[in-house]
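Visitor: coords please:
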Amino acid sequence: MLAIYPGSFDPITLGHLDVIERGVKMFEQVVVAVLYNPEKKAVFSVEKRIEQIRWCTQHLPNVEVDSFVGLTVEYAKLRQANVLLRGLRVLSDFEKELQMAHTNKTLWSGIETVFLATNKEYSFLSSSVVKEIARFGGSVTHLVPENVASDLHLYYS
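Guide: The predicted model follows:
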């Protein structure tokens, strides 16, 4: 079974990587799908985010990295995937993600959402937090893969 793990991943964090590594144990293949959202000002281009994710998931043979524009359910249909993989950190994530799962189900009855609770050491972690720390010169090496930490350091120097 194929699962889609959609997100902006700007940048990918160790929390995201944790969900990917656990997801590949549950599904035959996981597609990490980078959403291009023209409404958001991203630090890294979609191409750079794909490169970063490929680098830090190269040890996982059943992971593919791709990008898409538009509705996640339309991308899932295109890929013939019936499962969306999502990570949950805190209660507010659950409320937002549950609403999104219900909305996706109204758009396509063939889609299911599987939620994975992030490990507690990543419960505070978000891409926004990482960018904030990096912007002010703090170390993010304990929050993101090493290639991403290097890219952030270059971006903010």
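Visitor: CA atoms for contacts and neighbours, from now on please.
Guide: OK.
Visitor: which residues in the chain form strands?
Guide: 2-7, 29-35, 63-68, 83-88, 112-117 (DSSP state E).
Visitor: note down every partner strand of the longest one and its orientation.
Guide: Think strand 29-35. strand 2-7 (parallel), strand 63-68 (parallel) (DSSP bridges).
Visitor: a markdown table for those strands, including mean pLDDT, mean neighbour count and distance to Ile133?
Guide: Formatted as a markdown table, the strands paired with strand 29-35 follow (pLDDT from 0 to 100; neighbours: other C-alpha atoms under 10 Å; distance: least, C-alpha to C-alpha, whole Å):
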| stretch | mean pLDDT | mean neighbour count | distance to Ile133 |
| --- | --- | --- | --- |
| strand 2-7 | 98 | 23 | 21 |
| strand 63-68 | 98 | 19 | 26 |
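Visitor: tell me which of the ones you listed lies nearest to Leu152.
Guide: strand 2-7 (18.5 Å; C-alpha to C-alpha).
Visitor: before we move on, back to that, of all the strands paired with strand 29-35, which lies closest to Gly15?
Guide: Nearest to Gly15, of all those, is strand 2-7, at 12.5 Å by C-alpha to C-alpha.
Visitor: list the contacts of the closest one.
Guide: 20, 27-35, 72, 76, 80-86 (C-alpha atoms under 8 Å, 6 or more residues apart in numbering).
Visitor: put the buried members of those into a PyMOL selection.
Guide: With 16 or more other C-alpha atoms under 10 Å as the burial test, the buried ones among these are selected in PyMOL as follows:
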select buried, resi 20+27+29+30+31+32+33+34+35+72+76+81+82+83+84+85+86
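Visitor: got the strands paired with strand 29-35 as TSV, with distance to Ala134 columns?
Guide: As requested, the strands paired with strand 29-35 are exported to TSV (distance: least, C-alpha to C-alpha, whole Å):
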stretch	distance to Ala134
strand 2-7	20
strand 63-68	25
